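> Structural data only, the sequence is not supplied:
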């Protein structure tokens, strides 16, 4: 992550808020996919997809190694997601609760 001084931090917060509003403005999966494809590199999008796809098996209590074998996602990434599910900002949990009926 880039280093920023205190003046930049406020501008970054405003830009982050603007990005969040842009994401919230999208109404369909194809609209969201279009923005993600425009916004992210293929590697960045793949990393986000990998993180998201291990949430469900983690919530089901599957072992990391089994999740890795089933998905191809590294145990390190699975561990990171598990940490944020347990001690993060609540984003994974909230999104999982709101979308789990869609899976």
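Structure's in. What do you need? Being a predicted model, the structure only gives us computed values, none of them experimental. Numbering: from 1, shown residues only.

> what about residue 93, distance to residue 57?
15 Å (CB to CB, to the nearest Å). In short, each C-beta sits where N, CA and C put it, glycine included.

> Looking at the two, which is more packed in?
residue 57 (19 against 15; other CB atoms under 10 Å).

> ok, now which ones touch that one?
Counting by CB atoms under 8 Å, 6 or more residues apart in numbering, residue 57 touches 66, 67, 70, 71.

> So for it, what's the pLDDT?
Residue 57 carries a pLDDT value of 97.

> Can you tell me how far it is from residue 65?
Counting by CB to CB - residue 57 and residue 65 are separated by 11 Å.

> now residue 55
For residue 55, the distance to residue 65 - CB to CB - is 17 Å.

> Put the buried members of the contacts of residue 57 into a PyMOL selection.
Of the contacts of residue 57, the buried ones can be selected in PyMOL as follows, counting by 16 or more other CB atoms under 10 Å:
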select buried, resi 67
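
> Look up phi and psi at residue 61.
Residue 61 adopts backbone torsions of phi 80, psi 20, taken as degrees, to the nearest 10.

> what's the burial count for it?
6.

> Toward the C-terminus, what is the element adjacent to the longest helix along the chain?
Criterion DSSP state H: the longest helix present in the chain is helix 6-25. Toward the C-terminus, helix 6-25 is succeeded by helix 29-39 as the next helix or strand (DSSP states H and E).

> how far off helix 29-39 does the helix or strand following that following helix point, in degrees?
Next helix or strand after helix 29-39 toward the C-terminus (DSSP H and E): helix 42-53. When axes from the mean of the first three to the mean of the last three CA atoms, to 10 degrees is applied, the directions of helix 42-53 and helix 29-39 differ by 140 degrees.

> Between residue 55 and residue 65, which has more neighbouring residues?
residue 55 (21 against 10).

> what sits against the more buried one?
81, 85, 92, 95, 96.

> Spatially nearest residue to the second one (excluding sequence neighbours)?
In this case it means residue 85. In this structure, residue 85 finds its nearest non-sequential neighbour in residue 92, 5.0 Å apart by CB to CB, 6 or more residues apart in numbering.
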